[in-house]
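Sharing a sequence plus its predicted fold:
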There are 2 protein chains.
Amino acid sequence: MAGIYIFMTLALKCLSKPIHNIQGDSLIMKLIVEAITLKLKTPFRIAHGTSVTRDSVLVHVGDGVGEGSIMPYYDYTQADVVAYLQNLNLDTLLGDDPLALEEALDRLPPGPGPALNAIDTALHDFWAKQLGYPLYRLWGLNPKQAPPTSITIGISENEDELRKRVRAVEGFPILKLKLGASDLKADEAIVRVAREETDACLCVDANSAWSVEQAAHIIPRLAAYDLLFIEQPLPRSDIQDWHRLRPLLPDNMPPLIADESAQQAGDILALAGGADGINIKLTKAGGLREARRMITLARSLGMQVMLGCSVESSVGITAAAHLAPMVDFADLDGNLDVANDPYTGVRMEKGYLHLPQKPGLGVTRLSDRELA
Amino acid sequence: MAGIYIFMTLALKCLSKPIHNIQGDSLIMKLIVEAITLKLKTPFRIAHGTSVTRDSVLVHVGDGVGEGSIMPYYDYTQADVVAYLQNLNLDTLLGDDPLALEEALDRLPPGPGPALNAIDTALHDFWAKQLGYPLYRLWGLNPKQAPPTSITIGISENEDELRKRVRAVEGFPILKLKLGASDLKADEAIVRVAREETDACLCVDANSAWSVEQAAHIIPRLAAYDLLFIEQPLPRSDIQDWHRLRPLLPDNMPPLIADESAQQAGDILALAGGADGINIKLTKAGGLREARRMITLARSLGMQVMLGCSVESSVGITAAAHLAPMVDFADLDGNLDVANDPYTGVRMEKGYLHLPQKPGLGVTRLSDRELA
């Protein structure tokens, strides 16, 4: 069953001079763009809608690879991302020093987040492979410091279904419940039912579903079920809503984490004092460098940091996992539901992340036979 | 003439287990603190006073070295810095993974800036040597991107002396004039005389000498001499002064750079909108990691970044030089006036910085004979 994912070589550009990797082997530098469709093992329902497949784009730079996953509720398509990446010129990008990663990243033209994420990650992977170390090592991080990752429970059609799903992830330390199903009663019922089924840590993600007034009403009720955090209670449209909500809430509520509202560095400044933390996703931030900048900025403002994902292959999830030792909360389960993940990388064992020890991201491409 | 600098081994602590460097050689891990006195070739006068020597502290961690220079107009002494470093326990600091640099830095107790800078730099040097690369390489930087460094002209006793000093640095692309001598007329005269003597870029540093009203009066007059930037026009005492000054100035003034006012990340947030940029010094920031964070924060706020120094040896100057490709303005001449610099490192050629290519900082200790 080769071809379980759609493989399209859309661009092939060669550097005039081959470069040598750390072992002294000659490396032919190409930039190859690959549009893929990830098939979900089970349909995934959140407040924004239900998915059975998700689009993604891989880009290869020499022996480096990066992914830009397409989130269906943002303002770009897979074709936009492919077009951006196809237009890159590797000669211009790498200049006269292919190991000057920051300079290459500075040369990237503005573009959609997933496109920037794909090329940023591929350049990081290429760079770290050239230097001969795993990425986390080059950032001075200890992978043992990564918090356990939550496992996400999409919105279920009925209570029995939900109970079954919660029981199916027994042993995981943190469960993230998607809310914003239909009304506040339904949302509270989801949390109540999950709490009846498990002693695990629970957190919730409303995916922008509530108004300020609804959030002020339901957050204290949900807090009674002992939640680790509450993600994106409010719509993205008006960042001031976060500051309106704050005085309406009692003290000692679970931290409020901004996801859709926290796109760029400027958003983080505007959220400080309203949100307690931000959820950074590589495909939203536009790559590892911007994600690290956002972490620094959030920390300077005394905010907590969560590292999230969308549905993506092991390339994107492994890239994020290298950053996990820097954050408070990790939610990196986006590859687990993919039936046709073309790579292996970070291994997740009941919520605990095990990073590959190989140079770069440390991901490995599966053969067509392995994928079948 | 051995002993031209005061060498005091003040602490010697051994890790129970030796660790191995990248070449597989066994490395005995010690933490050695060395208090040194740097002798100036010529007395250095700025608004805060005149110096003929400056104190500094070196710390050695395995084969890594770092420096914390003591600025005479801050709130700590060489003894404070030595005491902090002596109390560090290397076993606790490095934990079970001596390459997890971030974790080691996280374990440092709060302390004076120079002490934190010394140990932070030594840990960076040690780490980069273990990995086998120059520090700038591990940050993905291209050393060619470093701006030329300015050369500082202290306050002269008279006009002839000043003219001689300006002529003595002919060929340097940027001259930084220390102001805050006696009165505004004297300050303007310094800039006028320097401009008569040279076509080089000029910038000025008032070292907190002016009130808001004085700054509002003199800045437009000085701007007529075409200045690259104006550093710390205002006292450190009230950060709001920067916001009071701004509306009193015409448009298109040279950028105002905060030095004494920009100590911590919180200061940068408070300065945004008032100052156009910040001057980061490692010994003020407390090391390379904090300096990089401050750069990120300043950039997020749309501010310019200058990298400064105090009088220090080639250890401290070389550490800062590794960061130079990230900044707009460099002022890294603090080792040039030192008669007994115990190290060689970054080489400065008429304002242009040449970083060593060796792993880590790339600094080399001079033998007593070489120093003599």
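Received, thanks.

what angle separates the helix of greatest length in chain A from helix B:113-131?
Determined from DSSP state H, the single longest helix within chain A is helix A:113-131. Helix A:113-131 and helix B:113-131 are oriented at 70 degrees to each other (axes from the mean of the first three to the mean of the last three CA atoms, to 10 degrees).

what separates helix A:113-131 from the chain centre, distance-wise?
Centre-to-centre, helix A:113-131 and its host chain are 15 Å apart (CA atoms, centre = their mean, to the nearest Å).

what about that helix and chain B, any contact?
Yes. Using CB under 8 Å from any CB of the partner chain, helix A:113-131 comes into contact with chain B via A:127, A:131. C-beta: built from backbone N, CA, C; applies to glycine.

so what does the next helix or strand after that helix touch, helix or strand wise?
Next helix or strand after helix A:113-131 toward the C-terminus (DSSP states H and E): helix A:135-138. If you count contacts as 3 or more CB pairs under 8 Å, 6 or more residues apart in numbering or on different chains; DSSP states H and E, helix A:135-138 packs onto helix A:113-131, helix A:314-323.

Which other helices and strands does the first one contact?
Read it as helix A:113-131. If you count contacts as 3+ CB pairs under 8 Å, 6+ apart, helix A:113-131 packs onto strand A:49-61, strand A:64-69, helix A:78-86, helix A:101-106, helix A:135-138, helix A:282-285, helix A:288-300, helix A:314-323.

Ok, which of those comes nearest residue B:43?
For these, distance to residue B:43 was read as CB to CB. The smallest value, 39.0 Å, belongs to helix A:288-300.

what's the closest one in contact with?
With contact meaning CB atoms under 8 Å, 6 or more residues apart in numbering or on different chains, helix A:288-300 is reached by A:102, A:105, A:116, A:120-121, A:124, A:135, A:139, A:262, A:265, A:268-269, A:277-278, A:280, A:282, A:285, A:304-305, A:307, A:319-320, A:322-323, A:326-327, B:265-266, B:268-269, B:293, B:296-297, B:299-300.

In this structure residue A:100 contacts residue B:141, no?
Yes. Between residue A:100 and residue B:141 there is a contact at 6.4 Å, judged by CB atoms under 8 Å.

Please save the CA atoms from stretch A:194-212 in PDB.
Extracted C-alpha coordinates of stretch A:194-212, given in PDB (Å, rounded to 0.1, in the frame of the first residue of the first chain):
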ATOM      1  CA  ALA A 194     -14.300  12.700  32.700                       C
ATOM      2  CA  ARG A 195     -13.700  13.400  36.400                       C
ATOM      3  CA  GLU A 196     -16.000  10.500  37.300                       C
ATOM      4  CA  GLU A 197     -13.900   8.200  35.100                       C
ATOM      5  CA  THR A 198     -10.300   9.200  36.000                       C
ATOM      6  CA  ASP A 199      -8.000  10.600  38.700                       C
ATOM      7  CA  ALA A 200      -5.600  11.900  36.000                       C
ATOM      8  CA  CYS A 201      -4.900  15.700  35.800                       C
ATOM      9  CA  LEU A 202      -7.500  17.300  33.700                       C
ATOM     10  CA  CYS A 203      -7.300  20.500  31.600                       C
ATOM     11  CA  VAL A 204      -9.800  21.900  29.100                       C
ATOM     12  CA  ASP A 205      -9.600  23.800  25.800                       C
ATOM     13  CA  ALA A 206     -12.700  25.800  24.700                       C
ATOM     14  CA  ASN A 207     -11.200  26.800  21.400                       C
ATOM     15  CA  SER A 208     -12.700  30.300  21.500                       C
ATOM     16  CA  ALA A 209     -16.200  29.100  22.300                       C
ATOM     17  CA  TRP A 210     -17.300  31.400  25.100                       C
ATOM     18  CA  SER A 211     -18.200  35.000  25.400                       C
ATOM     19  CA  VAL A 212     -16.700  37.000  28.400                       C
END
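
sec struct for residue A:250, please.
At residue A:250 the chain is in coil, as set by DSSP: H, G, I helix; E, B strand; the rest coil.

picking that back up, which of the contacts of helix A:288-300 are buried?
Neighbour counting with 16 or more other CB atoms under 10 Å in any protein chain shown marks A:102, A:105, A:116, A:120-121, A:124, A:135, A:139, A:262, A:265, A:268-269, A:277-278, A:280, A:282, A:285, A:304-305, A:307, A:319-320, A:322-323, A:326-327, B:265, B:268-269, B:293, B:296-297, B:299-300 as buried within these.

buried stuff in stretch A:332-352?
For stretch A:332-352, by 16+ other CB under 10 Å, it's A:332-338, A:340-346, A:348, A:351.

now do stretch A:240-260
For stretch A:240-260, burial by neighbour count (16+ other CB under 10 Å) applies to A:241-243, A:245-246, A:253-260.

from these, which two are the most distant?
Comparing all pairs in the buried residues of stretch A:240-260 by CB to CB, the longest separation belongs to A:253 and A:260, at 19.6 Å.

related to what we said a few turns ago, just the angle for the longest helix of chain A relative to strand A:64-69, thanks.
Using the same axes, to 10 degrees: helix A:113-131 against strand A:64-69 is 160 degrees.

report the angle between the axes of helix A:113-131 and helix A:78-86?
When the same axes, to 10 degrees is applied, the directions of helix A:113-131 and helix A:78-86 differ by 40 degrees.

what about the residue nearest the centre of chain A, distance to residue A:280?
When CA atoms, centre = their mean is applied to chain A, the residue found nearest the centroid is residue A:309 (2.1 Å). Residue A:309 is 10 Å from residue A:280, where distance means CB to CB, to the nearest Å.

now do residue A:130
Noted for residue A:130: a distance of 26 Å to residue A:280, by CB to CB.

sorry, back to before: now mean pLDDT too, for the helices and strands packed on helix A:113-131, in TSV please.
Output for those, formatted as TSV (pLDDT from 0 to 100):
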stretch	mean pLDDT
strand A:49-61	91
strand A:64-69	98
helix A:78-86	97
helix A:101-106	97
helix A:135-138	98
helix A:282-285	94
helix A:288-300	96
helix A:314-323	98
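
Flag every buried residue along stretch A:184-194.
Buried-residue list, stretch A:184-194, by 16+ other CB under 10 Å: A:184, A:187, A:188, A:190, A:191, A:193, A:194.

related to what we said a few turns ago, show me the buried residues of stretch A:240-260 that map onto strands.
Among these, DSSP state E puts A:256, A:257, A:258 in strands.
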